[in-house]
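S.K.: here you go, sequence then predicted model.
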Amino acid sequence: MPERFFMKKTQLILFATLLAILVAGPPCGTLRAAFEEKIPAARPAAMGGGFVSVANDANGVFYNPASLGGLGAANISFSQTSLFNLPDAPYMTLAAAFPTRNMGTLALGYTQFGGSLYKETELTLSQSFILARKVYFGYNLRNQSVAVTNFGSAAGMGVDVGFHAALSNDFAAGFSAGNITAPMLGATDEALPQLYRMGISYYPDAGLIFLLETSKDLLGDELAYHGGAEINISKHFTFRAGTRSNPSGISMGFGVNTGIFRINYAMVTHPVLDTQNFFTLGLKFGPDDDVAPAAATGSRRTSARRAPSKRVTNRVEQYEQVKDFKIDPNKATADELKEIPGVGALTAQRIIDHRNQGAVFTSADDLLGVPRMTKRIMERMRPYLIFDGSAAPARSTPAPSTPSRTRTAPAVVSDEQPEPDEEDAPPPPVKAPPAKTRTSPPPPPPPPPPVEAPKISVPTIAPVAPVKPVVEPAKPAVTAPPSAPKLPAPSAADDDMLNVNTASAQELQVIGFTSTQAKNIIRYRSKEGNFSSVDDILKVPGVDAKTVNNVKESITVK
């Protein structure tokens, strides 16, 4: 609780500080020389030109190299525009990012601005890797060159650095510093821009992003701010809108996703110049839940707030496939219970034994009364269970029989005279049981010796005497004790657990691991060998202690 309070307090302070900085920024701009800030693609353009805290797009190479660590699959983006529809100011960008197994995420960026008289080109090599849990670090090596007709060309080499961190499941923050080495353009004394960016993004729900960011060029005097939002209208259509200052303007756009193709469009207004249009074509070689921001639980967020809906959809589809497969735990045999995924022979036998002791299941939650039943196993069984109301009376009959046996048990220990005192209220019914009990004595051998003494007494007592020896010794021997020794069998517990050393990625996802965590476990296992203990799973990149604790009761290593 104190940690959660501290985290919430920290988030509020950071957000309030950033908002105050943005509001304080003047709305006017500053004229800069070569390589002034330009928006590289349609998606960030539609969101107000901010992108430093978003971690699921290859265009992050132009904003924050650390954000590339949130990618789970290869991503390529190509964009073409003309600055404010000026024919002599074409601007083209290309970005490609490739997650690797051992070297983090590697990326390449290329931009070209201008025509035949004046041309700026920039080539960027980038790498991002995990620095700590939920924290990524990245850097860029940038070669920036300018060519002017009849005046020659010049170039400079710059270095960018960036950080990206998940503050919680809903918030992510990013920071980047451009050209921190303060490079010069060729042999001239003209310094290249040193652009610093800082921002925070908020993921309140699946498919919904809000961002608030600020940027400043150390060579300029003014601070610019950016605000934007993105919402998934459907699986294939996304709407975006935003605003920015320095220069002030509003923006909006949309994205269309189909297969591996991503088509994005944006329009950005300017207080003086014409509206600028952006067109971007992207390729994404992987499912959406593998490419997501790092603002989730664990060090590599595989679904963020944009993709959990797909995992939920997959599970719903799995449940729909077995909607006709329903089992009533009040009537099912052990073999039928074992057909439920996640239920082994031991768990099935515990359910049967608990039911034989008089338990009646009216809902899935009632299964928590079964010895050693965990909530996770119960939730996995829930979609396959059905509860028939007629089963309740059927199971209610053994319940009174158990207490009747327990009442007769003390009568055997005591003398024959206290017995009539306890059951003297209903003397007539006592005569009926003897007739029934005389049919039951034949199986057990012990009854004959005690029968002789009661026959000497009054005939009314004689029928009562057989009730004690016959019912008491025979019933306890036939009841639960035979099954009781099976319950504590420690070695059989593994039947209900998933062996991480042999499990497939799909099986690991069913018990609670995300798709990327499951794939990383398989890769780590094939490279380093089998896990010797459950705690060894924490060595897998992207697997955090919270996830392991949640699934600990469902996994084993052997």
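M.R.: Alright, I've got the coordinates. Since we're looking at a predicted model, the values are computed, not measured. Residues are numbered from 1 along each chain as shown.
S.K.: going forward, measure contacts and count neighbours with C-alpha atoms only.
M.R.: Will do.
S.K.: pLDDT value on Gly25, please?
M.R.: With respect to pLDDT, Gly25 scores 41.
S.K.: domain assignment for the chain?
M.R.: 2-309, 398-478, 497-558 (automatic domain parsing).
S.K.: now the helix or strand where Ala45 lies - C-alpha only, CSV.
M.R.: If you go by DSSP states H and E, Ala45 is part of helix 42-46. Extracted in CSV, the C-alpha atoms of helix 42-46 (Å, rounded to 0.1, in the frame of the first residue of the first chain):
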residue,chain,number,x,y,z
ALA,A,42,1.7,11.1,-40.2
ARG,A,43,1.0,9.4,-36.9
PRO,A,44,3.0,11.8,-34.7
ALA,A,45,1.9,14.7,-36.9
ALA,A,46,-1.8,14.0,-36.2
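S.K.: for it, packing partners?
M.R.: strand 237-244, strand 249-258, strand 261-268, strand 276-285 (3 or more C-alpha pairs under 8 Å, 6 or more residues apart in numbering; DSSP states H and E).
S.K.: least confident of the domains of the chain, on average?
M.R.: Looking at the domains of the chain, the lowest mean pLDDT belongs to domain 398-478 (a mean of 44).
S.K.: hmm, who's touching the helix holding Ala45?
M.R.: 39, 50-51, 79, 228, 240-242, 251-255, 264-268, 278-280 (C-alpha atoms under 8 Å, 6 or more residues apart in numbering).
S.K.: switch to 7 Å and redo it
M.R.: Outside helix 42-46, the residues that touch it by C-alpha atoms under 7 Å, 6 or more residues apart in numbering are 39, 50-51, 240-242, 251-253, 264-268, 278-280.
S.K.: ok, what's across the strand from the nearest residue to Leu185 once chain neighbours are set aside?
M.R.: In space, Leu185 comes closest to Gly156 once its chain neighbours are excluded; the distance is 4.9 Å by C-alpha to C-alpha, 6 or more residues apart in numbering. Beta-bridge pairing for Gly156 (DSSP bridges): Gln144.
S.K.: spit out the contact partners of Gly156.
M.R.: 143-145, 183-186.
S.K.: which of these tops the neighbour count?
M.R.: Tallying neighbours with other C-alpha atoms under 10 Å puts Gln144 at the head of the contacts of Gly156, with 23 neighbours.
S.K.: OK, contacts around that residue?
M.R.: 121-123, 155-157.
S.K.: if we use 6 Å, what do you get?
M.R.: Contact partners of Gln144, counting by C-alpha atoms under 6 Å, 6 or more residues apart in numbering, are 122, 155-156.
S.K.: return the distance of it relative to Ala66.
M.R.: 20 Å (C-alpha to C-alpha, to the nearest Å).
S.K.: what do you get for Met184?
M.R.: As for Met184, its distance to Ala66 is 25 Å (criterion: C-alpha to C-alpha).
S.K.: got the buried residues for stretch 100-109?
M.R.: 104-109 (16 or more other C-alpha atoms under 10 Å).
S.K.: distance to Val161 for the contacts of Gly156 - can I get that in CSV?
M.R.: Listed next are those as CSV, based on distance: C-alpha to C-alpha, whole Å:
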residue, distance to Val161
Asn143, 15
Gln144, 16
Ser145, 20
Pro183, 14
Met184, 18
Leu185, 20
Gly186, 22
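S.K.: which parts of the stretch 101-250 of the chain are helices?
M.R.: Counting by DSSP state H, counting those that start in this stretch, the stretch 101-250 of the chain has no helices at all.
S.K.: so what's the residue count around Tyr265?
M.R.: Neighbour count for Tyr265, taken as other C-alpha under 10 Å: 22.
S.K.: now do the one 4 residues further on
M.R.: Counted with other C-alpha under 10 Å, the neighbours of Thr269 add up to 19.
S.K.: for the one 5 residues further on, same thing?
M.R.: In terms of burial, Asp274 registers 13 neighbours under the definition other C-alpha under 10 Å.
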